[in-house]
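Undergrad: fold the following for me, if possible:
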Amino acid sequence: MIVSRPKSSALFALTVFIIIALSIAYAGMQNVLLSGEWKWYNYIALYFFGPMAFVLAVRMLVNFKVIKIGKDRIELWYPFRLLKKKYTVKDISLWKENTVKTGKSKFRELEIRLGKRKVKLSHQENSSYDQILSYLHRKAKNKKE
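TA: Predicted coordinates:
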């Protein structure tokens, strides 16, 4: 069974960015509370970095997924949504791989449609990407767009 989950390096980078953004927002709030004056950089710190960090943190938690593929079954598990879905390979309506050239490298993204649900995996952010792609080539090659 192939198991794909977000890579720890991607999660670490996003977490560090969120912590830095929250620190900047906190420093801006602290500066306003201590001095009592609103400067232009306090507005940026509070009203840009604070909501941005919050939205990124919520999005990271909501979109965290573990995918298990094998034995003609596909299992999607969203631990923070408390949601677990099971599908068969026959439930795949279509799948496609999108490739975008970015500078020196390529960004590869796999999109799998399971009825109404759409699952996206990227090469840089998810583990076992190549194994899932080869599995889909073997088991569902007629559903490729």
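
Undergrad: would you map the helices across this structure?
TA: Counting by DSSP state H, the chain has helices at residues 8-35, 40-44, 50-62, 129-139.

Undergrad: would you single out the least confident of these?
TA: Lowest mean pLDDT of the helices of the chain: helix 40-44, a mean of 86.

Undergrad: could I get the CA-only coordinates of it as CSV?
TA: Presented in CSV, the C-alpha positions along helix 40-44 are these (Å, rounded to 0.1, in the frame of the first residue of the first chain):
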residue,chain,number,x,y,z
TRP,A,40,2.2,53.2,9.3
TYR,A,41,4.3,50.1,10.0
ASN,A,42,2.0,49.1,12.9
TYR,A,43,-0.9,49.0,10.5
ILE,A,44,1.1,46.7,8.2
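
Undergrad: show residues contacting it.
TA: The contact list for helix 40-44 (CB atoms under 8 Å, 6 or more residues apart in numbering) reads 28, 29, 31, 32. In short, each C-beta sits where N, CA and C put it, glycine included.

Undergrad: for residue 47, state which of those residues is nearest.
TA: The closest of the contacts of helix 40-44 to residue 47 turns out to be residue 28 (CB to CB; 8.9 Å).

Undergrad: so what's the residue count around the closest one?
TA: 22 (other CB atoms under 10 Å).

Undergrad: for residue 132, same thing?
TA: Burial of residue 132, expressed as a neighbour count using other CB under 10 Å, amounts to 22.

Undergrad: contact partners for it?
TA: Per CB under 8 Å, 6+ apart, neighbours of residue 132: 2, 4, 67, 69, 110, 121.

Undergrad: 7 Å instead, please
TA: 2, 4, 69, 110, 121 (CB atoms under 7 Å, 6 or more residues apart in numbering).

Undergrad: hmm, back to that, whichever of the contacts of helix 40-44 end up buried, select them in ChimeraX.
TA: Applying 16 or more other CB atoms under 10 Å to the contacts of helix 40-44, the buried members can be selected in ChimeraX as follows:
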select :28,31,32
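
Undergrad: any idea how far residue 103 is from the residue nearest to the spatial centre of the chain?
TA: Centroid-nearest residue in the chain: residue 63, 5.3 Å away (criterion: CA atoms, centre = their mean). Distance, residue 63 to residue 103, by CB to CB, to the nearest Å: 25 Å.

Undergrad: thanks a lot, catch you later.
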